[in-house]
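Engineer: build me a model:
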Amino acid sequence: MALIKCPECGNQISDKAESCPKCGYELNKKETPTTSDNKVASSFMNKGNIKYILIILAIIVAGFLFFNQNNNNTGTGTGGTGTGGTGTGGTGTGQPTTPSTDYGYTVYNDPYLGISFEMPGTYKVATDKEGYIYVGRNIDSQGALIPYIIIGRYDKYTSEVQFLNDFTTYMKKQYSDLKVTIDLLSGTIGNKTVYGLAYNYTSSGHLVVDNRYAILVNGKVYMVGSKEENTNSTEINNVVTHILSTLTERGS
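Structural biologist: The predicted structure follows:
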């Protein structure tokens, strides 16, 4: 499997990928982004400015599910099988770095972002050269298949709300059929204030469930998100909730 550059953001991806995992660019799109769109994309993609990833968050269900979710619940639902592998380009993969907890979660210590979080022991992790973290069942050095979770930090922002507002503006330019299915809401997980919203849109002929949460950790905006096809799963909801509740910067 060869690696190619995404024509939108320049990220290295698999030549078999249907869309870029960072910017969501559909590789079979015929239209060419406008200059203004490229400027918006650049503001998210440029690592010196702010790292943009298409991190996708767990959906807010049953009255914003995760705010009332028990943080120790691993969930028993299964995610959609998904199609369209997304190459992560230069990834390293591995299992979590500490033994499982009583609830089947293990602690993963990321060497790039300097953060720790808990995830199911059956899940795998991949990181790319820019420090983005991919978490899921179907992840290897070639890339990630949905459903999967993405974690990243956005150094330019100090406001979760401002980040999500800017991100929504960007997404509307990328997907003409984008619908905000759940508008900006806030709640609490553990000692963290969490902001979240949800989108639906079509990518490469598939309905994408695209949900995003943003939190502030030591003055830095982090986004934890999940990407699923057609529907949301209890399992991914619970995993995202647990990652949000346990994410910390090491040494803080």
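Engineer: which residue, other than its chain neighbours, is closest to G114?
Structural biologist: R250 (5.4 Å; CB to CB, 6 or more residues apart in numbering). (Each C-beta comes from the backbone N, C-alpha and C, glycine too.)
Engineer: now the one you found: how far from P111?
Structural biologist: 10 Å (CB to CB, to the nearest Å).
Engineer: before we move on, the earlier item: so how many other residues sit close to the residue nearest to G114?
Structural biologist: 11 (other CB atoms under 10 Å).
Engineer: list the residues that contact K5.
Structural biologist: 11-13 (CB atoms under 8 Å, 6 or more residues apart in numbering).
Engineer: filter those down to the ones in helices?
Structural biologist: Taking DSSP state H, every one of those sits outside helices.
Engineer: switch the residues you listed over to CSV; also include distance to L185 and pLDDT.
Structural biologist: Listed next are the contacts of K5 as CSV, based on distance: CB to CB, whole Å; pLDDT from 0 to 100:
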residue, distance to L185, pLDDT
N11, 30, 76
Q12, 35, 76
I13, 32, 73
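Engineer: out of the residues you listed, who's nearest S19?
Structural biologist: Proximity of the contacts of K5 to S19 (CB to CB) peaks at I13, which lies at 8.6 Å.
Engineer: isn't the closest one right next to C20, touching?
Structural biologist: Yes. Taking CB atoms under 8 Å as the definition, I13 is a contact partner of C20 at 5.5 Å.
Engineer: ok, longest helix in this protein?
Structural biologist: Ranking each helix of the chain by length (DSSP H) puts helix 160-174 first.
Engineer: packing partners for the helix or strand that that one is followed by?
Structural biologist: Sequence-wise, the next helix or strand downstream of helix 160-174 (DSSP states H and E) is strand 179-189. If you count contacts as 3 or more CB pairs under 8 Å, 6 or more residues apart in numbering; DSSP states H and E, strand 179-189 packs onto helix 65-68, helix 160-174, strand 192-203, helix 234-246.
Engineer: single out the most deeply packed of those.
Structural biologist: helix 234-246 (a mean of 24; mean count of other CB atoms under 10 Å).
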